[in-house]
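Q: Give me coordinates for this.
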Amino acid sequence: MRRRGRLTVYLGAAPGVGKTYAMLGEAHRRAERGTDVVVGIVETHGRERTRLQLGDLEVVPRRRVEHRGTVLTEMDVDAVLERQPDVVLVDELAHTNVPGSRHEKRAADVADLLAAGIDVITTVNIQHLESLNDEVEDITGVRQRETVPDETVRAAENIQLIDMSPEALRRRMAHGNIYKPDAVEASLTSYFRVGNLTALRELALLWLADRVDDQLDDYRRAHRIVETWPAKERIVVAVTGGPESETLVRRGARLAKRAAGSELLAVHVLATDGLRSKDERDLGAVQRLVADVGGTFHTVVGEDRASAIVEFAEGVNATMVLVGVSRHGRLRRVAAGTTGDRIASLAGRIDVHLVTHDQVSRRTVARPALSPLSPSRQVAGWVGAVVLPLTLAWLLHGFADTDDLALATLALLACTVAVALVGGLFPAVLGAVLGFGALNYWFTQPTGTLTVSEPRNLLVLAVFVAVAVGVATVVDRASRRAAEALRARTEAATMSSLSQSVLTGQDTAEAVVERVRETFGQRAASLLTRADPGTDVARTGWTITASSGSPCAATPDGGDTRVAVDDDHVLVLCGEPLRASDQRVLNAFATQAGLVLEHRRLKERDLRVQALERAEATSTALLRAVSHDLRTPLASMRTSVDGALTASVSAEDRAELLRTIATSADTLERLIDDLLDLSRLESGLVRPVLRPRSLDEVLPVAVSGHDPSLVSLEVDESVPHVLTDAGLLTRVVANLVDNAVRHAGGLPVRVLAHVLTTTVEVLVVDRGPGVDEQRRARMFEPFQRLGDTSSGGLGLGLAVARGLLDALGGTLSAEDTAGGGLTMVVSLPRATPDGPGGAGGPDPQAVVPALPAVSAGEAPVART
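A: Down below sits the predicted model:
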């Protein structure tokens, strides 16, 4: 039987990372080892280095196919099968063949070669995998028409990931090593953005990690390895269908999101009889929730739920199991145990997390008022108080001299001390009483009765009881002192934490309230502020400043514990009343809350002061600009008017003076327009009318004042409509184009459009000197000219443009132009038929006076 060929895939994280080059390198290595290697088809895309890498490899001639009057070439599969090499190179696995070829897809040609026993080395980019098509479109805004099924690539014996950092790939693109120079700029500003390349790189790594995980599962099955190998975070959530199942699934989803590539698997154990319990009737809702959070739902059959869940977790190589705390009462949990406890005992290396929920039995448990010992120690003490004295007395009576009262007394006294060490005072008293009775019955004359014949024996028994009670009292007090010391240490740690947070000023009111609730184990906590008399909540008297837990108290009387922070603030707790010893710590929290509120008040005052300082700085800059920049065109106009009124001026000179007056008037008008625009933006008077608009209507108007040789508009008609105000957007783009033309040094400026999933970006690209990254933040501030000394501007253009875009719901940012220069990026929301400004349109009454149009030639901001 003929051996099936082996498939090797070079998987590229993005176009241009060098997968074809790497494939050719492997071909040369195999050829040097004596392997018969031929090239079925390799696409060089005009890249010189790739062409040179072909070297002396044998190339099978391509088959020529005529389609619609054009002759195209494809791989000649029949020629390769006739040649029967050991290895064939087939580039671009996802390629769609020309109609009339052997198969529709090149992947089917590869399948024929593999079936013929020929090893195939091929290439494919991550964006061409069928399962990732939608994700790639969301990231890049481009839908791939040529895809290949994931199963085809997963079936490869070897997959090599060819990866490169986004910065290195963009440098390769800028150097012309991937696309032709005329396509470099458009690619760098669209598909080959750093964010796009980073996301594609992550997709490739995650997809390949899943492939490796499948190989690990195959290896474990082949070698019968049942132990869990934590190679990947895989979380199993045990659900019953009860009301707590949704809480468990959501908690598991949050844990899975903390580690990239984690999996969430929900499992339900069905009884062997196949009958559904009451809780299982709501499994449909749980299944839908699991699907919504990106997990998978599984059902297994088992008599013992704990064993079935652990077996499932081991089978899927899980690293963690989430199970809810039992809803049963305490007696049933003690008598029959819980599923969570049994899972924890069977899980081995798998982590088990018990998750609490609202369905847990919340029966109030009284605090031990008489003993600080744990319940288990108290139970052991009571049992020992009954069993130990009677057992020891019976043994002494059977194996020792019944007259040896001293030995029996010492032995039973030691027994009483042991009970006191374990159970405390009251079990020791019971043990002493039972020991007294045992001594009297078996070791004092007459034996067999409770009568004491000799007075000294009665004294011995009395001393025995007194010593036993005294020792028990000492032990009980020592236990109480230990508990008080532990509480004091806890309080000291809490106070230290509070002091540190107060000194650093990191806490917020919400954080303080949350810490109060967690420290004292309360159901809810809230910080209340006395309401102002003129507000809507004045009738209740209080407003909630911060809260944690639910339901929280809305008034001081609505909680179980309260403490005053100051005259206008109260900290209220809902839950079990606090002990008197906790009041000191609660007062410390109240003090911290007061400090936080004071810090907030001072911070708000500081922000107001900073706003006033900025306003004062703006006013100063405005006065300085008015005194200089406005005076210049006014002086020019005055001089020209005086010259024009002179009788001796010729007609030609008078016409020149009139043109100077007109130019100065235009300059003055633009300066005043910018000042008015800035004033409107800062006072919030700009309210745009948002409607779906085509960029074909806006952009030509914005660039109409410039020579077509200096400004080129390159916007496709298929660009979708944007939700904007046409007049304001024209104003913004015109400002940016004017600025770019002024600083491009005579080089052409390009205006492009890039379509994303939810937005459309307008790019104004120039080849000027650009702006270094440290100074870009300043260029959007008012009155910033960055060293420009030319007349005709106040440095307000970019500040006004960004302010107008904020009002339009868009953004304005600056990026480097590949090869030098600056690219201004205007991001606008895409219009949707049923969204704002859709079929219904905006309120016709929401119309504001239009801002004056900007004139060509204004320089909003200077750049160096």
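
Q: lowest-pLDDT helix or strand in the chain?
A: Within the chain, no helix or strand scores below helix 330-336, which has a mean of 60 by mean pLDDT, DSSP states H and E.

Q: Can you identify the element that follows it toward the C-terminus?
A: helix 339-346 (DSSP states H and E).

Q: Can you give me the buried ones in that next one?
A: T339, G340, R342, I343, A344, L346 (16 or more other C-beta atoms under 10 Å). Using the backbone N, CA and C atoms, a C-beta is placed for each residue, glycine as well.

Q: Which residue comes closest to the last one once chain neighbours are left out?
A: Spatial nearest neighbour of L346, excluding adjacent residues (C-beta to C-beta, 6 or more residues apart in numbering): V310 at 4.5 Å.

Q: which SSE is the one you found in?
A: Element membership of V310 [criterion: DSSP H and E] is helix 305-315.

Q: Can you name every helix or strand that that helix contacts?
A: strand 234-238, strand 263-270, strand 296-301, strand 320-324, helix 339-346 (3 or more C-beta pairs under 8 Å, 6 or more residues apart in numbering; DSSP states H and E).

Q: for the last one, packing partners?
A: In other words, helix 339-346. helix 305-315, strand 320-324, strand 351-355.

Q: hang on, the earlier thing: now the residue nearest to L346: how far from G340?
A: Using C-beta to C-beta, to the nearest Å, we find V310 at a distance of 12 Å from G340.

Q: likewise T811?
A: From T811 to G340 the distance is 50 Å (C-beta to C-beta).

Q: If I follow the layout properly, G141 ends up in contact with V755?
A: Yes - counting by C-beta atoms under 8 Å, G141 does reach V755; the two are 5.3 Å apart.

Q: if you count what's nearby, which of those two comes out ahead?
A: G141 (18 against 15; other C-beta atoms under 10 Å).

Q: ok, and the closest non-adjacent residue to the more buried one?
A: In space, and not counting its chain neighbours, G141 is closest to L756: 4.5 Å by C-beta to C-beta, 6+ apart.

Q: burial of the one you found, as a residue count?
A: Residues lying near L756 (other C-beta under 10 Å) number 17.

Q: Quick check: it vs N196, distance?
A: Applying C-beta to C-beta, the value for L756 to N196 is 10 Å.

Q: what's the answer for T8, then?
A: 28 Å.

Q: Kindly report the same for D696.
A: 26 Å.

Q: higher neighbour count, those two?
A: Comparing D696 with N196 by neighbour count (other C-beta under 10 Å), the higher total belongs to N196, at 20 against 14.

Q: for the stretch 551-700 of the chain, what spans make up the helices?
A: Using DSSP state H, counting those that start in this stretch, the helices found in the stretch 551-700 of the chain span residues 583-625, 631-644, 651-683, 695-702.

Q: Deepest in the core, which of these is it.
A: helix 695-702 (a mean of 19; mean count of other C-beta atoms under 10 Å).

Q: And the buried residues of helix 339-346, which is closest to R608?
A: Distance to R608, by C-beta to C-beta, is smallest for G340 among the buried residues of helix 339-346, at 54.3 Å.

Q: For the closest one, give me the pLDDT.
A: Per-residue pLDDT puts G340 at 82.

Q: That one against L322, yeah?
A: No - using C-beta under 8 Å, G340 makes no contact with L322, being 9.7 Å away.

Q: follow-up on the earlier one: would you format the helices and strands packed on helix 339-346 as TSV with distance to G431 and mean neighbour count included?
A: TSV is the format used below for these (distance: least, C-beta to C-beta, whole Å; neighbours: other C-beta atoms under 10 Å):
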stretch	distance to G431	mean neighbour count
helix 305-315	39	21
strand 320-324	41	24
strand 351-355	37	17
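
Q: export these to TSV and tack on distance to V751?
A: Below are the helices and strands packed on helix 339-346 laid out as TSV (distance: least, C-beta to C-beta, whole Å):
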stretch	distance to V751
helix 305-315	58
strand 320-324	53
strand 351-355	56
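
Q: Dump those into JSON lines; add distance to D557 and mean pLDDT as well.
A: Below are the helices and strands packed on helix 339-346 laid out as JSON lines (distance: least, C-beta to C-beta, whole Å; pLDDT from 0 to 100):
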{"stretch": "helix 305-315", "distance to D557": "47", "mean pLDDT": "86"}
{"stretch": "strand 320-324", "distance to D557": "36", "mean pLDDT": "90"}
{"stretch": "strand 351-355", "distance to D557": "35", "mean pLDDT": "88"}
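
Q: Go through the ones you listed and name the closest to E202.
A: So among these, strand 320-324 is nearest, using C-beta to C-beta, at 23.2 Å.

Q: Pairing partners for that closest one, with directions?
A: Using DSSP bridges, the strands paired with strand 320-324 are strand 234-238 (parallel), strand 351-355 (parallel).

Q: Make TSV out of these and add distance to E58.
A: Below are the strands paired with strand 320-324 laid out as TSV (distance: least, C-beta to C-beta, whole Å):
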stretch	distance to E58
strand 234-238	47
strand 351-355	56
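
Q: give me phi/psi at L93?
A: phi -60, psi -30 (degrees, to the nearest 10).

Q: can the buried residues of helix 339-346 go into JSON lines with extra columns for distance to Q53?
A: Formatted as JSON lines, the buried residues of helix 339-346 follow (distance: C-beta to C-beta, whole Å):
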{"residue": "T339", "distance to Q53": "62"}
{"residue": "G340", "distance to Q53": "60"}
{"residue": "R342", "distance to Q53": "62"}
{"residue": "I343", "distance to Q53": "57"}
{"residue": "A344", "distance to Q53": "58"}
{"residue": "L346", "distance to Q53": "57"}
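
Q: Tell me the span between the first and last residue of stretch 234-242.
A: Using C-alpha to C-alpha, to the nearest Å, the end-to-end distance of stretch 234-242 comes to 23 Å.

Q: any idea of the mean pLDDT for that stretch?
A: pLDDT averaged over stretch 234-242 gives 88.

Q: How far does it sit from its chain's centre?
A: 23 Å (C-alpha atoms, centre = their mean, to the nearest Å).

Q: likewise stretch 641-648?
A: Its chain's average C-alpha position is 72 Å from that of stretch 641-648, according to C-alpha atoms, centre = their mean.

Q: just stretch 800-819 next, same as before
A: Centroid separation for stretch 800-819 versus its chain: 26 Å, with C-alpha atoms, centre = their mean.

Q: go on, stretch 32-44?
A: Per C-alpha atoms, centre = their mean, the centroid offset for stretch 32-44 relative to its chain is 45 Å.

Q: one step back: which stretch among the helices and strands packed on helix 305-315 comes nearest L729?
A: Closest to L729 of those, according to C-beta to C-beta: strand 263-270, at 44.3 Å.

Q: Would you give the sheet partners of the closest one, along with the direction of each?
A: Strand 263-270 has these strand partners (DSSP bridges): strand 234-238 (parallel), strand 296-301 (parallel).

Q: what angle separates it from helix 339-346?
A: Put simply, strand 263-270 runs at 110 degrees to helix 339-346, going by axes from the mean of the first three to the mean of the last three C-alpha atoms, to 10 degrees.

Q: Name the helix or strand for P769, please.
A: Short version, using DSSP H and E: P769 is in no helix or strand.
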